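> Provided below are the primary sequence and the corresponding predicted coordinates.
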Amino acid sequence: MARPRSDEARRKALAAAAELIIERGAANLSIEEVAARSGVAKTTIYRHWPERTSLMVDTVRSTFAHVGVPDTGTLRGDLSTYFSGMVRADLSGKVGQLMPSLIDAASRDPELESVLDRLTRDRTEVLIAVVRRAQERGELPADLDDEVFIGTVVGPIVFRKVIQRLPLDARYIESCLDVSLAGLGVQPN
């Protein structure tokens, strides 16, 4: 169990890192600036995050609401629960401000590409678990390609937020689910 002082230092460093990424971009994040902004010693930061990549991963993760694998009993319910976290995060603003910078910088920096890949993999694993459960219930075909599912369901939501830079709300998410699930042949509940 972490000591309270260590937890406080960790929170301060993550908050400072998030602010710096929003202000200056992910490619420009440095441990020295995080230490200066947060008031946390560089040695403490390095104890929590031995390299910049792990600090960036935790910074972005800290802005996301934790999403376990939802189990509402239906594919539609599970996806609505999963994406409600995305809507809440969008309303808070940090995720919406961090991700475009990270995506842009990842195209030029292998270290940042690794960060983005790790974050994407974390979120994808949850969706794959939702797909497997829906397949077991007979809501989705057993041979449905995972990447097709994710592209069909997640694609319009990411497009709106990252490419169009428009806000996400529950109505938009539910409309996207209506269209994508109908396209996948899922019957409404």
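That came through, no problem.
> quick one: the worst-scoring helix or strand of the chain on mean pLDDT to chain centroid distance?
Of all the helices and strands that make up the chain, the one with the lowest confidence by mean pLDDT, DSSP states H and E is helix 94-106; it has a mean of 77. Offset of helix 94-106 from its chain centre (Cα atoms, centre = their mean, to the nearest Å): 10 Å.
> what is that helix packed up against?
Applying 3 or more Cβ pairs under 8 Å, 6 or more residues apart in numbering; DSSP states H and E, we find helix 94-106 packed against helix 4-24, helix 52-63, helix 75-92, helix 110-137. Using the backbone N, CA and C atoms, a C-beta is placed for each residue, glycine as well.
> which is the next helix or strand following the longest one?
If I follow you right, that is helix 110-137. helix 146-158 (DSSP states H and E).
> with the first one instead?
Past helix 4-24, heading to the C-terminal end, the next element that is a helix or strand (DSSP H and E) is helix 31-38.
> kindly state the domain boundaries assigned to this protein.
As assigned by automatic domain parsing, the chain contains the domains 4-51, 64-183.
> any idea which of those scores lowest on pLDDT?
Taking the average pLDDT of each of those, the minimum falls on domain 64-183, with a mean of 86.
> ok, now how distant is the closest residue to residue 149 other than its chain neighbours from residue 11?
Of all residues beyond its chain neighbours, the one nearest residue 149 is residue 131 (5.5 Å), with distances taken as Cβ to Cβ, 6 or more residues apart in numbering. Using Cβ to Cβ, to the nearest Å, one obtains 34 Å as the distance from residue 131 to residue 11.
> between these two, who's got more neighbours?
residue 131 (21 against 13; other Cβ atoms under 10 Å).
> quick one: contacts for that one?
Contacts were defined as Cβ atoms under 8 Å, 6 or more residues apart in numbering; by that measure residue 131 touches 140, 144, 146, 149.
> hmm, the last one is touching residue 143, no?
What it means is residue 149. No. Counting by Cβ atoms under 8 Å, residue 149 stays clear of residue 143, with 11.3 Å between them.
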